[in-house]
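> missing the sequence, but the structure's below:
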């Protein structure tokens, strides 16, 4: 297999260092403009993105770096990315759920009115309502929907505020500054191993392929043949069973989502030019479907959690049950989209 | 167009009379073995089927009979078929909902275990649980599912018992005996109009085609292009809105179901041999998908009605909300199946 032109005759360590250098630059530039107490969670996006990319690169190309340095550094980058992303996730979840409640409570945009248009993509529609405004109808059902919306609004705003405080606290902590210092080191010097001296053209493809192999194995464990058929109602299975049934059912899909991200980032370092392998565009599209899967799964879990609030009215509980199931249907829709996407080129080969 | 061989040189009236004669025989033979107070609702099936076929024939081929006789007779046949079918429908609805609750509350038959098998058809699975046995799990969700099952069991058994009494009462009524007498007349003599003397080969195809045209028009009013895409969540739209939103949304589909049945029965009298028209096998398959549509829609309405029971626990209401949405998803699955079935041969033409 010919080496991609970008690698040339550089050593593997040089290519990896170059990538880490770039990502560290993104991180440090983002750091200079964030960290204000009134920051929107979106301003931490470049921080989170570069932290995830650095961590993924250190994972995929682990043999090229000093493990005593890389392993704990990866853990800290993961902590940082997770802590900074929580506020954004809670905000997105609330918007998603209020939008779904609006759709469930309203007849506007009836299917008949856009029969001649293309169908909307599965997943969340644009947010059109907030809080108590989600009740264009009337009657007990609409009252239940309004109360469910108010309950979710209250609960998710609270966890969002807590996540915001936690993120601010994290960014002022010595732990955070230690991570930032370690990232700053990457700009000048990456602690490489002896293996990093080997030519990039030989070393990088093998490591990238290992990442793809882990992904392929994880995808192989998914019930794709079944998920490629619509309306199996599988994502609803045990929706009224054990509390952790959905989590257990979703776990293999979440694992694939995580490995997809790692594979996608690996492609940024070493463009995968083997025609038999996954094209990067397909990896991105597949990653988006599983991002939808995660968002819908977490949104439905938030609804189930809200339903455990003591002393809610039956109408509120009913609306939460409807919303929970609606989101589980979006989980199933995302699995369907992923299965179709993944199987399409395979069937053409 | 060549006349189908079965019509030969008979008059239209002769062919229609022959069919009505046969159906009247089925009705009278069924009548001789039913009507006992301990009858299962299934024993009235031949009665209902022949009553529906006679009424449909009198509708499709109305110009061939005396309207003063046929019109009120059709109304009475419709009353009889509806009254006798209610008990069976309530029993089927209860079985469907308890089966769905079982699926929602249990993890057995997990999707992974039959990934390599063909997917199950959309629609109700075989009944595997009754009443309070639907709780293999534990915790508040499972308790809610058990209570919801018990509530539905109680309510639907009650309406089923009432429907049984109503059917028995109807079969002992003078109204019923008048219908039976009118059916008995069909064995010897059908009050035909002057138009019935025309050759069957000319008259019947035109009338059958009119029935098909009414069906085609009604199908044309459905949002099929959209329904052919899975996971639109359209059947869930307004699930928490106005009380009659689902009914209004479902009505055009119910109308097509009814016209499909009429068209199917018309094919029994005059086999439709025009290759450009709907083959009878496709009509049956399409009718089955819309029968699923009706059953899921009525089951979800029964769940919504149960949720309006005063003083139910929030956990029960939550489980009913989940079950309601599950059945609306089966409504959507049935529309998807119908849309795909209907569009398939059309795209090949």
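That came through fine. Model, not experiment: these values are computed from the prediction. Residues are numbered from 1 along each chain as shown, chains lettered A, B, ... in the order given.
> need the residues of the stretch 151-300 of chain A near chain B, please.
Residues of the stretch 151-300 of chain A lying close to chain B by CB under 8 Å from any CB of the partner chain are A:223-227, A:229-234, A:236-243, A:245, A:249. All C-beta spots, glycine's among them, are computed from the backbone N, C-alpha and C.
> out of those residues, which are inside helices?
If you go by DSSP state H, those have A:224-227, A:245, A:249 in helices.
> Report the two of the residues you listed separated the most.
Farthest pair in these (CB to CB) is A:225 and A:245. Separation: 21.8 Å.
> out of those two, which sits in the more crowded spot?
Taking neighbours as other CB atoms under 10 Å in any protein chain shown, residue A:225 and residue A:245 compare with residue A:245 leading, 19 against 15.
> Could you list which residues are in contact with residue A:144?
Applying CB atoms under 8 Å, 6 or more residues apart in numbering or on different chains, we find residue A:144 in contact with A:313-319, B:240.
> Sorry, wrong one. I was asking about residue A:83.
Residues in contact with residue A:83 (CB under 8 Å, 6+ apart) are A:166-167, A:170.
> Only the buried subset of the residues of the stretch 151-300 of chain A next to chain B, as a PyMOL command please.
To isolate the buried members of those in PyMOL, using 16 or more other CB atoms under 10 Å in any protein chain shown:
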select buried, chain A and resi 223+224+226+227+229+230+231+232+233+234+236+237+238+239+240+241+242+243+245+249
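> Show the contacting residues for residue A:52.
Counting by CB under 8 Å, 6+ apart, residue A:52 has contacts A:77, A:81, A:261, A:265.
> Tell me the spacing between the residue nearest the centre of chain A and residue A:338.
Nearest to the mean C-alpha position of chain A, counting by CA atoms, centre = their mean, stands residue A:291 at 4.5 Å. Distance, residue A:291 to residue A:338, using CB to CB, to the nearest Å: 10 Å.
> quick one: which helix or strand includes residue A:251?
Per DSSP states H and E, residue A:251 falls inside helix A:245-269.
> Buried ones in that helix, by neighbour count?
A:245-246, A:249-250, A:253, A:255-267, A:269.
> Does anything pack onto that helix? Which helices or strands?
If you count contacts as 3 or more CB pairs under 8 Å, 6 or more residues apart in numbering or on different chains; DSSP states H and E, helix A:245-269 packs onto helix A:12-33, helix A:45-60, helix A:200-220, helix A:280-307, helix A:314-348.
> quick one: buried residues of the first one?
The neighbour-count criterion (16+ other CB under 10 Å) identifies A:12-17, A:19-20, A:22-24, A:26-28, A:30-31 as the buried residues of helix A:12-33.
> What is the neighbour count of the one residue in chain A that gets nearest to chain B?
Nearest residue of chain A to chain B: residue A:321, at 2.3 Å (CB to the nearest CB). Other residues near residue A:321 number 34, with proximity taken as other CB under 10 Å.
> do residue A:320 as well
Using other CB under 10 Å, residue A:320 has 33 neighbouring residues.
> returning to what we had before: which residues touch the nearest residue to the residue nearest to the centre of chain A once chain neighbours are set aside?
The shortest distance from residue A:291 to any non-neighbouring residue, by CB to CB, 6 or more residues apart in numbering or on different chains, is to residue A:257 (6.7 Å). Counting by CB under 8 Å, 6+ apart, residue A:257 makes contact with A:287, A:290-291, A:293-294.
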